[in-house]
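Q: What follows is a predicted protein model with its sequence.
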Amino acid sequence: MTTATNSTANQDLSNLVNIVIGAASDFSNKFPGSVDEIRIYNYAMSATDVSTDKNTSSVSSATTGLLAAWDF
């Protein structure tokens, strides 16, 4: 079983680079596990927000701050 880690960095996401899930933007440092239930929000989440979100089985367009979601 792979343990997930969180990594944050301030980056300019103004359409100059693709959003890459599970690796660095240059496709290096690939995550050696599975990625599921990807969600992008328009705000920085607190630890409480992350905990609530990870225990939420589904989201919709009515979910506050949700920009995109992929559930595999």
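A: Received, thanks.
Q: Please give the element, helix or strand, for residue 61.
A: Residue 61 belongs to no helix or strand when assigned by DSSP states H and E.
Q: Counting neighbours, what do you get for it?
A: By other CB atoms under 10 Å, 6 other residues sit near residue 61. Every C-beta, even on glycine, is put in place using the N, C-alpha and C of the backbone.
Q: can you give me phi and psi for residue 21?
A: phi -100, psi 130 (degrees, to the nearest 10).
Q: Please apply the same query to residue 52.
A: Note on residue 52: its backbone torsions stand at phi -60, psi -40 [degrees, to the nearest 10].
Q: so which strand or helix has residue 69?
A: strand 66-70.
Q: pLDDT score for residue 20?
A: For residue 20, the model assigns a pLDDT of 84.
Q: mind listing the strands for the chain?
A: 38-41, 66-70 (DSSP state E).
Q: Please identify the most buried of the ones you listed.
A: Most buried of these by mean neighbour count (mean count of other CB atoms under 10 Å) is strand 38-41; its value is a mean of 15.
Q: same for it, what does it pack against?
A: Where contact means 3 or more CB pairs under 8 Å, 6 or more residues apart in numbering; DSSP states H and E, strand 38-41 is packed against strand 66-70.
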